[in-house]
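J.: sharing a sequence plus its predicted fold:
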Amino acid sequence: MPIFDERYICKVKGSAVKDKRKIVVIGGGLAGLVSAYLLAKNGQQVLLVEKKHFPFHRVCGEYLSNEVLVFLKKEGLLPIHQDFPQISRFLFSDTSGKEVKVPLSLGGFGISRYVLDEYIYREVLKVGGEVKTGIQVESVSFNGQERQFTVRLVGGEEFIGDYVIGAFGKRSKLDKVLKRAFIDKRSPYIGVKYHIKSDFIRDTVGLYNFKGGYCGINAIEDGKSNLCYLGNRDHLREYGSIPAMEREILWKNAGLKRLFSDSEFLFEKPEVINEINFEPKAPIENHILMAGDSAGLITPLCGNGMAMAIHSGKLAAEAILYGKSRNEVEDKYRKDWNLNFRRRLWVGRKVQLLFGTRQASDFTRNLIQHIPFFASLIIKNTHGRPF
């Protein structure tokens with residue numbers, strides 16, 4: 001039996017009386033959580049499905065651009081009981097370990113996904129959103145005649161929704177079920193994440209190049225730092241284990257060798273994700289509003305994935321709240337998504353070509369060192385405006 005009652009008439013803030021909609025949000029990352037929160041807060045009937053149980057760690061840079069700060073504070077979605085490190089400088093290191101620093105004009109702060117996701121999840125529950133955790137969505141189908149979705153969970157339970165927001169991340173079994181174009185394209189990239197205790201400067205986000213990838217580090221809450229890198233699957237196969245790959249590849253950068261050698265690693269084992277794919281994706285597929293990494297993954301070196309996920313979740317919720325029909329909802333979301341993200345994703349893919357090799361990283365370091373405007377231009381074109 002569907003979990004939702006039949007739709008009924010209700011008041012929606014900022015609009016006339018309209019039908020209450022049944023919405024299923026697939027995925028409890030930042031995009032899914034923010035969209036579920038805004039929809040539930042505005043009187044919609046929302047079910048969010050997340051395959052893991054909160055709280056949990058994710059492979060993520062955990063640097064949050066200040067472009068989202070006003071929104072998070074206004075909505076009460078930022079924990080106020082903790083002091084989060086403010087980040088105002090950017091450090092770039094080429095593959096040998098030579099460094100250059102520049103200021104971050106907008107800046108940001110460090111916060112772990114373990115803390116932030118759990119906090120917003122609790123806020124979703126407070127405003128009346130329903131959340132099912134520890135279970136995965138098996139399939140989603142749209143019935144054109146009934147104009148509704150059927151969302152089927154592993155185990156056979158089914159739910160009916162007027163709208164579905166797909167916020168299931170970088171790569172999911174659902175992508176294959178939905179036959180999305182990018183899913184058959186193999187990617188050489190793996191992501192690895194640690195939390196560490198380090199003497200790394202807490203007002204700085206660092207980006208260290210190594211052969212085939214790059215590693216980011218920045219401070220987060222409780223005196224910890226997040227260390228997360230994008231590496232190459234072939235190197236892992238060659239050296240047989242993550243620690244061996246790190247010693248043979250990452251440690252060729254003197255700065256990374258120092259970080260790995262002198263820091264206290266707090267996880268028993270790293271968080272790892274495979275097949276990270278930066279191919280373009282469509283913001284709407286099979287009438288599903290794709291949000292966050294499901295709609296397109298910005299290269300991690302841009303340091304803006306968390307902010308983009310939050311913003312796209314907001315845009316998806318707004319499109320559903322203010323569109324009078326499915327066509328209006330989809331047109332609004334597609335237009336807003338393209339306006340805010342398409343160019344930034346394209347720039348990120350081009351900028352990534354300047355990283356991960358000795359020649360490219362040397363060239364980039366020299367550009368940043370002698371033409372600081374170059375770094376400012378990249379940052380400007382991969383970040384949005386405060387909203």
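T.: Yep, it's here.

J.: buried residues in the lengthiest helix in the chain?
T.: When the chain is parsed with DSSP state H, its longest helix is helix 305-322. By 16 or more other C-beta atoms under 10 Å, the buried positions in helix 305-322 come out as 305-321. From N, CA and C alone the C-beta is placed, and that goes for glycine too.

J.: just stretch 181-189 next, same as before
T.: Residues of stretch 181-189 classed as buried by neighbour count (16+ other C-beta under 10 Å): 182-183, 189.

J.: again with stretch 96-115
T.: For stretch 96-115, the neighbour count (16+ other C-beta under 10 Å) marks 96-102, 104, 106-115 as buried.

J.: and for stretch 53-72?
T.: Buried-residue list, stretch 53-72, by 16+ other C-beta under 10 Å: 54, 57-69, 71-72.

J.: helices or strands next to the helix or strand just after the longest helix of the chain in the packing?
T.: As assigned by DSSP states H and E, the chain's next helix or strand after helix 305-322 is helix 326-337. Packing partners of helix 326-337 (3 or more C-beta pairs under 8 Å, 6 or more residues apart in numbering; DSSP states H and E): strand 284-285, strand 288-290, helix 305-322.

J.: for residue 102, helix, strand, or coil?
T.: What DSSP: H, G, I helix; E, B strand; the rest coil gives for residue 102 is strand.

J.: contacting residues for it?
T.: By C-beta atoms under 8 Å, 6 or more residues apart in numbering, residue 102 lies in contact with 89-90, 92, 368, 372, 375-376.

J.: in PyMOL, select just the buried ones from the residues you listed.
T.: Of these, the buried ones can be selected in PyMOL as follows, counting by 16+ other C-beta under 10 Å:
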select buried, resi 90+92+368+375+376
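
J.: count of neighbours near the residue nearest to residue 295 when sequence neighbours are not counted?
T.: Leaving aside its sequence neighbours, residue 295 sits nearest to residue 283 (C-beta to C-beta, 6 or more residues apart in numbering; 4.6 Å). Neighbours of residue 283 under the rule other C-beta atoms under 10 Å: 24.

J.: any stretches of this protein with poor pLDDT?
T.: Within the chain, the stretches with pLDDT under 70 are 1-20, 299-303, 374-375, 377-382.

J.: residues contacting the residue nearest to residue 232 when sequence neighbours are not counted?
T.: Computed as C-beta to C-beta, 6+ apart, the closest residue to residue 232 that is not its neighbour in sequence is residue 212, at 3.7 Å. With contacts taken as C-beta under 8 Å, 6+ apart, residue 212 has the following neighbours: 231-232, 234-235, 249, 356.

J.: equivalent analysis for residue 245, please.
T.: Applying C-beta under 8 Å, 6+ apart to residue 245 gives the contacts 231, 235-236, 238-239.

J.: mind doing that once more with 6 Å?
T.: Neighbour list for residue 245: 235-236, 239 [criterion: C-beta atoms under 6 Å, 6 or more residues apart in numbering].

J.: for PyMOL, write the selection for the buried entries among the residues you listed.
T.: Of those, the buried ones go into a single PyMOL selection, burial set by 16+ other C-beta under 10 Å:
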select buried, resi 235+236
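
J.: how far off centre is stretch 255-272?
T.: Computed by C-alpha atoms, centre = their mean, to the nearest Å, the chain-centroid distance of stretch 255-272 equals 22 Å.

J.: mind listing what's buried in it?
T.: Neighbour-count burial for stretch 255-272 [16+ other C-beta under 10 Å]: 255-257, 259-260, 263, 270-271.

J.: as JSON lines, these with distance to residue 26 and secondary structure would be great.
T.: Listed next are the buried residues of stretch 255-272 as JSON lines, based on distance: C-beta to C-beta, whole Å; DSSP: H, G, I helix; E, B strand; the rest coil:
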{"residue": "255", "distance to residue 26": "39", "secondary structure": "helix"}
{"residue": "256", "distance to residue 26": "36", "secondary structure": "helix"}
{"residue": "257", "distance to residue 26": "41", "secondary structure": "helix"}
{"residue": "259", "distance to residue 26": "36", "secondary structure": "helix"}
{"residue": "260", "distance to residue 26": "37", "secondary structure": "helix"}
{"residue": "263", "distance to residue 26": "36", "secondary structure": "coil"}
{"residue": "270", "distance to residue 26": "26", "secondary structure": "coil"}
{"residue": "271", "distance to residue 26": "21", "secondary structure": "strand"}
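
J.: closest one of the residues you listed to residue 217?
T.: Nearest to residue 217 among the buried residues of stretch 255-272: residue 259, at 6.6 Å, using C-beta to C-beta.

J.: contacting residues around the closest one?
T.: Residue 259 touches nothing, counting by C-beta under 6 Å, 6+ apart.

J.: change it to 7 Å
T.: 198, 200, 217, 227 (C-beta atoms under 7 Å, 6 or more residues apart in numbering).

J.: farthest pair within the residues you listed?
T.: Farthest pair in the contacts of residue 259 (C-beta to C-beta) is 200 and 227. Separation: 8.6 Å.

J.: shared neighbours, the two?
T.: The contact lists of residue 200 and residue 227 share 217, 259, where a contact means C-beta under 7 Å, 6+ apart.

J.: comparing these two, which residue is more hemmed in?
T.: Per other C-beta under 10 Å, whichever of residue 200 and residue 227 has more neighbours is residue 227, with 26 against 20.

J.: list the buried residues of the helix or strand the more buried one falls within.
T.: Secondary structure assignment for residue 227, by DSSP H and E: strand 225-232. With burial defined by 16+ other C-beta under 10 Å, the residues of strand 225-232 counted as buried are 225-232.

J.: and for stretch 342-357?
T.: 344-345, 347-349, 351-352, 354-357.

J.: closest one of the residues you listed to residue 384?
T.: Nearest member of these to residue 384, counting by C-beta to C-beta, is residue 344, at 7.1 Å.
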